[in-house]
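Trainee: Would you be able to build a 3D model of this:
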Amino acid sequence: MEIKSPIELATEALSYNNQNIASEAPKLLLCSSIASVSDQGSNKGVTPLAGIGKEHPELNWYYLYLPNKELKRYIGVFSGRKSVKLRKPSGEAEERYFCFKVFSYTSTDHRKRFEQCAYTKEEYTARRDSARVVKEAFATGSARKLNALTDEKEIEGNGWLFVCAPLDQLELILSAMFPRQYLVTDYNTHRAVVIPQSQMEEFIYLYESMPYNIELMNRPLEDYLQKKQRIRITGGIFRGKEGCIMRLHRNTRLVFAFGNMTVAVSYLHAFPFEKVE
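Mentor: Prediction:
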């Protein structure tokens, strides 16, 4: 919505001018991978981009991989806390504000949650409150509520910035900022990767409520599917999601595609599933 009012290993390998996740650089990341097999359960019934002028909960999500300094900068711009200078057809510069839903992920911040996790009532309450905010934000389509979970001043390390916005407005902003940044592109189509609303809600909900149960893998989903029984979850929050179940770090995990990445989630014993032939 336009408003008129005012990881670290890949730093050198990732060029400012090339963020195609199908390139060689992202393969070095400890928290990412290429997943050319789509997430069948979450991608069903994806609604096309809506019009511009207000918050649209049916808009899709896109994402970028950014160094820490740029990650903080773009969070400010996409969340409406900072302006961006756009050039009019006449050549005159115009300062404008945009307000989109944003969410960031860095391996450094994720690791901090493991290290600083206190098994106390206060920690449980904090995780429960964060999960409630995620549900409310997606139910109401509120960018303000969701963006409250992301404080760019506290973010450490390089990582992913997810943004829910019309693609043409994203490209307009990216082309106006220097150095030029690029959205992650699909491995097969070479177009900007789309993450459906339902899939993004699941990821943020899990990360905010149970960060110790989720892990971004460093290889494509196809590598994990080899010689593994493919399954489909038939109940609970993961209903409809397809992937494979395997043992990782002594835990049984569901491994599935998330955008162009691969995600593993622990403790799935209570979820019913069926085999996919």
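Trainee: Looking at the closest residue in space to residue 170 that isn't next to it in sequence now. What's its pLDDT?
Mentor: Nearest residue to residue 170, sequence neighbours excluded (CB to CB, 6 or more residues apart in numbering): residue 62, at 6.2 Å. For glycine as for every other residue, the C-beta is placed from the backbone atoms N, C-alpha and C. You'll see residue 62 listed with a pLDDT of 95.
Trainee: so what's residue 62 bridging to?
Mentor: Here residue 62 sits in beta bridges with residue 163, going by DSSP bridges.
Trainee: Spit out the contact partners of it.
Mentor: For residue 62, the contact set (CB atoms under 8 Å, 6 or more residues apart in numbering) comprises 162, 163, 164, 165, 167, 170, 183, 184, 192, 193, 194, 195.
Trainee: Do a quick rundown of the helices in this protein.
Mentor: 68-78, 107-115, 121-140, 143-147, 167-176, 197-209, 221-225 (DSSP state H).
Trainee: Skipping its backbone neighbours, what lies nearest residue 80 in space?
Mentor: Distances taken as CB to CB, 6+ apart put residue 99 closest to residue 80, at 3.4 Å, once the chain neighbours are dropped.
Trainee: Give me the neighbour count for that neighbour.
Mentor: Using other CB atoms under 10 Å, residue 99 has 18 neighbouring residues.
Trainee: That one and residue 143: what is the separation?
Mentor: Look at residue 99 and residue 143: by CB to CB, to the nearest Å, they are 6 Å apart.
Trainee: Restricted to buried residues, select the contacts of residue 62 in ChimeraX.
Mentor: Of the contacts of residue 62, the buried ones can be selected in ChimeraX as follows, counting by 16 or more other CB atoms under 10 Å:
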select :162,163,164,165,170,183,184,192,193,194,195
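Trainee: And the contacts of residue 62, which is closest to residue 222?
Mentor: residue 193 (16.5 Å; CB to CB).
Trainee: In contact with that closest one, which residues?
Mentor: So residue 193 contacts 21, 62, 63, 183, 184, 185, 186, 259, 260 (CB under 8 Å, 6+ apart).
Trainee: For residue 185, see how far away the last one is.
Mentor: Distance, residue 260 to residue 185, by CB to CB: 8 Å.
Trainee: The second one too?
Mentor: Distance from residue 62 to residue 185, counting by CB to CB: 10 Å.
Trainee: Give me the common contacts of these two.
Mentor: 192, 193.
Trainee: any weak-confidence spans in this protein?
Mentor: Within the chain, the stretches with pLDDT under 70 are 1-58, 117, 119, 227, 236-238, 267-270.
Trainee: tell me, what residue is most central in it?
Mentor: Taking CA atoms, centre = their mean, the centroid of the chain lies closest to residue 162, which sits 4.4 Å from it.
Trainee: Quick one: closest of the helices of the chain to residue 240.
Mentor: If we rank the helices of the chain by CB to CB, the stretch that ends up nearest is helix 197-209, at 8.8 Å.
Trainee: Now do that closest one: distance to the chain's middle.
Mentor: Relative to the chain's own centre, helix 197-209 is displaced by 9 Å; criterion: CA atoms, centre = their mean, to the nearest Å.
Trainee: So which elements touch that helix?
Mentor: strand 101-106, helix 121-140, strand 159-164, strand 214-216 (3 or more CB pairs under 8 Å, 6 or more residues apart in numbering; DSSP states H and E).
Trainee: quick revisit: residues in contact with the residue nearest to the centre of the chain?
Mentor: Counted by CB under 8 Å, 6+ apart, residue 162 has contacts 61, 62, 63, 102, 103, 104, 105, 195, 200.
Trainee: Quick check: beta-bridge partners of the fourth one?
Mentor: If I follow you right, that is residue 102. In this entry, residue 102 is beta-bridged to residue 163, by DSSP bridges.
Trainee: can I assume it is in contact with residue 161?
Mentor: Yes. Between residue 102 and residue 161 there is a contact under CB atoms under 8 Å: 6.6 Å.
Trainee: anything in contact with each of the two?
Mentor: Contacts common to residue 102 and residue 161, judged by CB under 8 Å, 6+ apart, are 75, 78.
Trainee: Between the contacts of residue 62, which sits nearest residue 274?
Mentor: Using CB to CB, residue 195 is the member of those that sits closest to residue 274, with 24.8 Å.
Trainee: Thought residue 103 was touching the closest one, still the case?
Mentor: No. Between residue 195 and residue 103 there is no contact under CB under 8 Å: 10.4 Å.
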